[in-house]
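Participant: My questions concern the predicted model and sequence given below.
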Amino acid sequence: MVPIGLILLGIVLILLAFGVLKRMFDRMGVSYIFTIAAIALVIIGVLVPVIPITAMFSLSVGGFIIPVIAAVVLAVTIGWNQELLRAFVGVLAVAAVSLGLFYLMPAETTGMHVAAAICVGLVAGGAAYLAGNTSRASVTAALLGIPLAQILFFTINYYTGRYAYLGLGEGLFFNTMVVAVITSVVLVELVRSVKARSVMHDARRDSTAARFESGERFDFEHNEFYENQKENLDNDLDK
């Protein structure tokens, strides 16, 4: 099984170690150390053997326990407000979308596993962003939505007589969750960047219009404003 999730988390951890993504996670309201520690614990936890509960149920430390704890911490930092409500709506949206796609894209081979993890993760990440709208809400939705989809997937299979095994945070579902989280954060940052550029463009346009109205001239060759010295001289002579 291709460890897509571990590879992606390893890349993110390296970027964080060099401070590349520090500002992005600072905007989420979580500390830099907490982010690095959480990702490192997830990687270590995934490498640790899963915890068997019954013959049909087990759970992964790095794929389920730590992500759920991280989601709870994010929910606490959000507080009881509109953003938290969007996060919970996002959980339901991610679970619904992922559940449907898991049935449409059965991961029976290695290639299908990779395709399912990427496709479902991208769509789930998009759903998390659309519902959450902020980094914290979107990440919370992805971290909790995928496990909820897995539980529903197991429940439906169990009561319809299909093969059912619930390995929370294992294999395909872990990889999908990582792709979904990264996708949601990237979308939030892209939209924020586009909005910031749009605001700056509007501000510059308004400033430029104001300067034209004030009588300043624009030098298109040097791309800068200058005062009309001839008009100023004429005004001085008139005085």
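Facilitator: Structure's in. What do you need?
Participant: in this protein, which segments are predicted with low confidence?
Facilitator: Counting by pLDDT under 70, the ranges of the chain that qualify are 1-2, 199, 201-239.
Participant: Can you show me the strands along it?
Facilitator: For the chain, strands defined by DSSP state E occupy the ranges 51-52, 57-59, 166-168, 217-219, 224-226.
Participant: Can you give me the buried ones in the third one?
Facilitator: I take that to be strand 166-168. 166-168 (16 or more other CB atoms under 10 Å). All C-beta atoms are positioned from the backbone trio N, CA, C, and that covers glycine.
Participant: quick one: strands adjacent to it?
Facilitator: Using DSSP bridges, strand 166-168 pairs in its sheet with strand 57-59 (parallel).
Participant: how about the strand it pairs with: buried residues?
Facilitator: Buried residues in strand 57-59 (16+ other CB under 10 Å): 58-59.
Participant: how close does residue 132 sit to residue 157?
Facilitator: 28 Å (CB to CB, to the nearest Å).
Participant: These two: which is more packed in?
Facilitator: residue 132 (29 against 15; other CB atoms under 10 Å).
Participant: Could you report the neighbour count for the closest residue to that one other than its chain neighbours?
Facilitator: Leaving aside its chain neighbours, residue 132 sits nearest to residue 138 (3.6 Å; criterion: CB to CB, 6 or more residues apart in numbering). Number of residues near residue 138 (other CB under 10 Å) recorded here: 31.
Participant: first vs last residue of stretch 18-36, how far apart are they?
Facilitator: In stretch 18-36, first residue to last residue: 11 Å (CA to CA, to the nearest Å).
Participant: Other residues contacting it?
Facilitator: Taking contacts as CB atoms under 8 Å, 6 or more residues apart in numbering, the residues outside stretch 18-36 that touch it are 12-13, 15-17, 73-74, 77, 135-136, 139, 185, 189.
Participant: Going by neighbour count, which of those residues are buried?
Facilitator: So, by 16+ other CB under 10 Å, the buried ones in the contacts of stretch 18-36 are 12-13, 16, 74, 77, 135-136, 139, 185.
Participant: Quick check: the farthest pair among these?
Facilitator: Greatest spacing in the buried ones among the contacts of stretch 18-36, by CB to CB: 13 and 77 (21.0 Å).
Participant: can you tell me how far the most centrally placed residue in the chain sits from residue 100?
Facilitator: In the chain, the residue lying closest to the centroid (CA atoms, centre = their mean) is residue 185, at 2.0 Å. Remark: distance between residue 185 and residue 100 (CB to CB) = 23 Å.
Participant: circling back: what's the closest of the contacts of stretch 18-36 to residue 44?
Facilitator: Distances from residue 44 to the contacts of stretch 18-36, taken by CB to CB, are shortest for residue 13, at 11.1 Å.
Participant: Now do the contacts for that closest one.
Facilitator: Contacts of residue 13 (CB under 8 Å, 6+ apart): 36, 39-40, 43.
Participant: next one: residue 86
Facilitator: When contacts are counted by CB under 8 Å, 6+ apart, residue 86 touches 131-134, 137.
Participant: same thing with residue 38?
Facilitator: So residue 38 contacts 66, 70 (CB under 8 Å, 6+ apart).
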